[in-house]
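J.: Sequence first, predicted coordinates after that:
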Amino acid sequence: EVVAAAAVAKAEREEEATESRRDEGGAHNREALASGSEGDASHSGGSPAEASSSRDAADQESSRETSGERGCESRSAVSSATAGCSVQTPKYTVAEVDIGEDGERAQLVEVLLPGIDCMGLVDLDVGKRSVTLKVKDAYAMHLQLQHEVRIHDVVAKFKKKKCLLTISMPIIKL
């Protein structure tokens with residue numbers, strides 16, 4: 001959390017510095033246009049009208065960056081622990097284990113969910129032959145199972161300290 005806060009502060013300082021440089025450049029161009037200075041208009045490569053046009057384009061680009069495109073970059077710096085702007089497939093393992101003395105078996109899926117601290121954030125759906133997991137703005141996965149499972153006997157446990165979700169699904173005997 002401390003690292004994420006430091007990353008946020010750094011990203012904000014960089015954004016402010018970039019905007020400040022843009023504002024200074026834009027103010028200089030506006031002053032040159034207002035005073036009718038020939039030197040600045042010719043320095044921009046054309047007439048005062050062309051300089052005004054390029055200033056408008058720069059203003060549009062600046063507003064576009066502040067309205068959303070750059071926001072994604074800031075969020076990725078803020079929440080690098082949770083995947084930023086893109087949804088990722090979490091790391092997982094699948095195993096088949098014995099769960100009873102009578103030879104009963106289960107499919108065991110372990111899913112690592114860094115940055116997630118409670119099961120309330122996880123949307124888990126287990127079907128007879130599939131597992132679907134979603135965590136808003138962080139993780140998504142769909143897994144096809146090798147065997148049909150008893151969906152009413154599925155047990156899911158979340159270990160908060162390890163950020164590990166364990167799903168045990170008893171296999172239907174054929």
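T.: Right, received. Where do you want to start?

J.: V126 and E110: what is the separation?
T.: Here V126 is placed at a distance of 14 Å from E110 (C-beta to C-beta, to the nearest Å). Backbone N, C-alpha and C define where each C-beta goes, glycine included.

J.: Hmm, I typed the wrong one, I wanted L145.
T.: 14 Å.

J.: Also T89?
T.: Counting by C-beta to C-beta - T89 and E110 are separated by 14 Å.

J.: for K160, same thing?
T.: In terms of C-beta to C-beta, K160 sits 15 Å off from E110.

J.: and those two? which has more neighbours close in?
T.: Of the pair K160 and E110, E110 is the one with more neighbours under other C-beta atoms under 10 Å, namely 16 against 10.

J.: pretty sure that one is touching V97, no?
T.: No. No contact is recorded between E110 and V97 when judged using C-beta atoms under 8 Å, the distance being 11.0 Å.

J.: so who does T93 touch?
T.: T93 makes contact with 109-110, according to C-beta atoms under 8 Å, 6 or more residues apart in numbering.

J.: following the helix or strand hosting it, which helix or strand comes up?
T.: Assigned by DSSP states H and E, T93 belongs to strand 91-98. Moving toward the C-terminus from strand 91-98, the next helix or strand (DSSP H and E) is strand 105-112.

J.: If anything else comes up later, I'll come back, but that's it for now.
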